[in-house]
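In: return atomic coordinates for the entry below.
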Amino acid sequence: MSPRMTDYFKRAEPAFKTMFSLEAAIKASPLDATLVHLVKIRASQINGCAYCIHMHVGEALKDGEDAMRLHLLAGWRDSSFYSPRERAALAWTEALTLVAETHAPDADWAAVEAAFTPDEQAWLTVAIGAINVWNRVQVGFRAQHPTEQRHAA
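Out: The predicted model follows:
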């Protein structure tokens, strides 16, 4: 697979500067970094964005996330490694990432309401939207992830 364009950051610089500002705001939000990593990775898995999966797995590992939790993320519903709060966030991530199919079910929203404050609900939804934009940009341009091999400790 070859990249379709490599200078898109330059060509749409004002838009990407805004996206990077959004990422900084998400990082400064009341959401826990571990939760944000899980959301970004799960959405990227669904969207098949190898570039983003590579980036966010690396960041999660660097921040101390357990490698086995990352390996099991695609099967989170069948694993006991995720808290009720993480489960609510992951279900909401899947619902919004697949919104054309799911229409953001009330049951998923109810779980978010039960586990997150209203401010966190807003930030979680924004974070999910942001990673979906990044996935679409990177998949659309066929961005290539770095090819060096990393092994988790």
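
In: going by C-alpha atoms from here, please, whenever you check contacts or count neighbours.
Out: Noted.

In: can you mark which positions in stretch 39-56 are buried?
Out: Within stretch 39-56, the residues scored as buried using 16 or more other Cα atoms under 10 Å are 39-45, 47, 49-54, 56.

In: can you name every helix or strand that the longest helix along the chain contacts?
Out: The residue-count maximum for a helix in the chain (DSSP state H) belongs to helix 118-140. If you count contacts as 3 or more Cα pairs under 8 Å, 6 or more residues apart in numbering; DSSP states H and E, helix 118-140 packs onto helix 13-27, helix 33-47, helix 50-62, helix 84-97.

In: at 7 Å what do you get?
Out: Contacts defined by 3 or more Cα pairs under 7 Å, 6 or more residues apart in numbering; DSSP states H and E place helix 118-140 against helix 33-47.

In: pLDDT averaged over the helix it packs on - what is it?
Out: Mean pLDDT, computed over helix 33-47, is 98.

In: quick one, it and helix 13-27 angle?
Out: Orientation of helix 33-47 against helix 13-27 (axes from the mean of the first three to the mean of the last three Cα atoms, to 10 degrees) gives an angle of 130 degrees.

In: i'd like the first residue to be 14 from this point on
Out: Sure thing, new numbering starts at 14, so read that last one as helix 46-60.

In: shaky segments in the protein?
Out: Applying pLDDT under 70 to the chain flags residues 162-166.

In: give me the most central residue, it.
Out: With distances taken as Cα atoms, centre = their mean, K53 lies nearest the centre of the chain, 1.1 Å away.

In: nearest spatial neighbour of it, skipping sequence neighbours?
Out: Closest residue to K53 apart from its sequence neighbours, by Cα to Cα, 6 or more residues apart in numbering: I144 at 5.8 Å.
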